[in-house]
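**Student:** Compute the structure for the input listed below.
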Amino acid sequence: MRYEWANGWWEMETAPPHPALHGVVRGDYCGWTEQTIQPVIRREVASTVIPLIINFGDAYQLRAGTDSGSVVRHSFVAGVYDTWVNVSAATDAAGLRAGVGAGAARSCAARSRAARSCGARSCALQVNLTPIGAHRLLACDMEALTGQSVELSDVLGAAGRRLVEHLANTPTWEGRFALVDVFLRTRLHAATAVPAQVRWVWDQLEAHGGAQAIGALTRETGWSPKRLSAAFRASVGVPPKSVARLLRFERVIARLQRSDAGRWAARALDSGYYDQSHLVRDFTEFAGCTPTAYLRERLTIGGDPTGIT
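**Tutor:** Numbering: from 1, shown residues only. Model (predicted):
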């Protein structure tokens with residue numbers, strides 16, 4: 001798919017993961033190339049998606065929420081964020097884009113542009129992982145990754161470096177998708193175990209968009225609230241109540257992207273919000289803007305829901 005707009009163009013290709021990765025990868029694999037004339041900042045809203053980005057172009061600069069500082073990342077993985085992140089092309093002190101060299105991006109549509117660079121040329125592949133899927137594949141404490149982005153080589157070591165190199169040397173998206181699919185399935189064979197209680201509560205919350213009573217779910221597990229919360233922090237990154245809020249927010253975001261801008265209030269009620277004020281509160285916290293402003297930004301850059309200039 002190719003889209004052209006006033007500030008440049010972008011192309012995107014997708015492919016479904018192997019069925020064995022169900023519950024591990026969310027949505028399709030996504031690869032894109034983008035060329036822009038003027039620098040652009042994209043707003044990525046809070047989400048339970050764990051983006052794994054393999055970058056073949058310029059580095060990314062990420063600034064979370066109201067933080068005054070930012071980080072520069074090349075190929076990386078990010079944990080659960082409970083605030084928005086502004087993403088742009090990384091620059092050095094002289095204002096030049098930072099590159100990575102010749103060797104070295106709720107479905108793809110929901111967060112497929114999670115780290116798409118802006119200004120000049122960007123090229124990357126993105127795999128959206130579920131938090132439990134990321135915990136199993138990366139074998140790391142997800143709480144340590146919450147609100148953070150980490151270079152892929154720091155998480156996967158030499159295996160991560162080889163993956164980036166092999167993908168960069170593969171000329172087609174079809175070949176890249178096949179390679180990353182085999183890589184993930186191979187790691188899944190030796191994946192870290194997740195407690196059955198955590199998986200069951202996660203599945204229930206995800207299936208109902210966060211609209212379930214945490215207390216009732218906890219009682220079903222036979223665990224204490226404290227024990228379940230600690231296990232969720234380790235395997236997901238945040239406690240069950242935070243997961244429920246984020247899943248509810250993800251549901252309304254997905255519905256807003258499919259509906260008329262003037263119907264966001266109705267979509268809020270459909271998504272489990274008590275009233276509009278609760279929706280506005282979550283938008284302020286998770287997106288850094290009002291629902292109306294978010295919908296306006298969605299139309300700013302060729303229908304790209306993450307585009308802000």
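**Student:** Could you pull up phi and psi at A139?
**Tutor:** Torsion angles at A139 (phi, psi; degrees, to the nearest 10) stand at phi 50, psi 50.
**Student:** ignore the last one, N7
**Tutor:** phi -100, psi 10.
**Student:** Please list all residues in contact with it.
**Tutor:** Residues near N7 by Cβ atoms under 8 Å, 6 or more residues apart in numbering: 36-38, 40, 301. For glycine as for every other residue, the C-beta is placed from the backbone atoms N, C-alpha and C.
**Student:** Please tell me how far it sits from L217.
**Tutor:** Separation of N7 from L217 (Cβ to Cβ, to the nearest Å): 46 Å.
**Student:** And for E143?
**Tutor:** For E143 relative to L217 (Cβ to Cβ), the value is 20 Å.
**Student:** Now the element after the lowest-mean-pLDDT helix or strand in the chain, going C-ward?
**Tutor:** Here the helix or strand of the chain ranked lowest by mean pLDDT, DSSP states H and E is helix 108-111, holding a mean of 35. Scanning forward in sequence from helix 108-111 by DSSP states H and E, the next helix or strand is strand 120-129.
**Student:** Give me the next element, helix or strand, following that next one.
**Tutor:** Assigned by DSSP H and E, the successor of strand 120-129 is helix 131-138.
**Student:** Summarise which helices and strands that next one is packed against.
**Tutor:** strand 50-55, helix 142-145, helix 173-188, helix 196-207, helix 225-235 (3 or more Cβ pairs under 8 Å, 6 or more residues apart in numbering; DSSP states H and E).
**Student:** List the buried residues in the second one.
**Tutor:** What that stands for is helix 142-145. 142-143, 145 (16 or more other Cβ atoms under 10 Å).
**Student:** shaky segments in the stretch 101-250 of the chain?
**Tutor:** Applying pLDDT under 70 to the stretch 101-250 of the chain picks out residues 101-120.
**Student:** and the residue sitting furthest away from the middle of the chain, what is it in contact with?
**Tutor:** Largest separation from the mean C-alpha position in the chain: G222, at 31.6 Å (Cα atoms, centre = their mean). G222 makes contact with Q197 under the criterion Cβ under 8 Å, 6+ apart.
**Student:** Show me which residues of the host helix or strand of L256 are buried.
**Tutor:** In this assignment (DSSP H and E), L256 forms part of helix 240-258. Using 16+ other Cβ under 10 Å as the test for burial, helix 240-258 gives 240, 242-257.
**Student:** Same question for stretch 69-89.
**Tutor:** 70-89.
**Student:** quick one: secondary structure of S68?
**Tutor:** coil (DSSP: H, G, I helix; E, B strand; the rest coil).
**Student:** how about CSV for the helices and strands packed on helix 131-138, with distance to S153 added?
**Tutor:** Output for those, formatted as CSV (distance: least, Cβ to Cβ, whole Å):
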stretch, distance to S153
strand 50-55, 11
helix 142-145, 15
helix 173-188, 14
helix 196-207, 28
helix 225-235, 23
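**Student:** Deepest in the core, which of the ones you listed is it.
**Tutor:** strand 50-55 (a mean of 26; mean count of other Cβ atoms under 10 Å).
**Student:** Which neighbours in the sheet does that one have, and how are they oriented?
**Tutor:** strand 76-78 (antiparallel), strand 120-129 (antiparallel) (DSSP bridges).
**Student:** closest to P16 out of these?
**Tutor:** strand 120-129 (11.9 Å; Cβ to Cβ).
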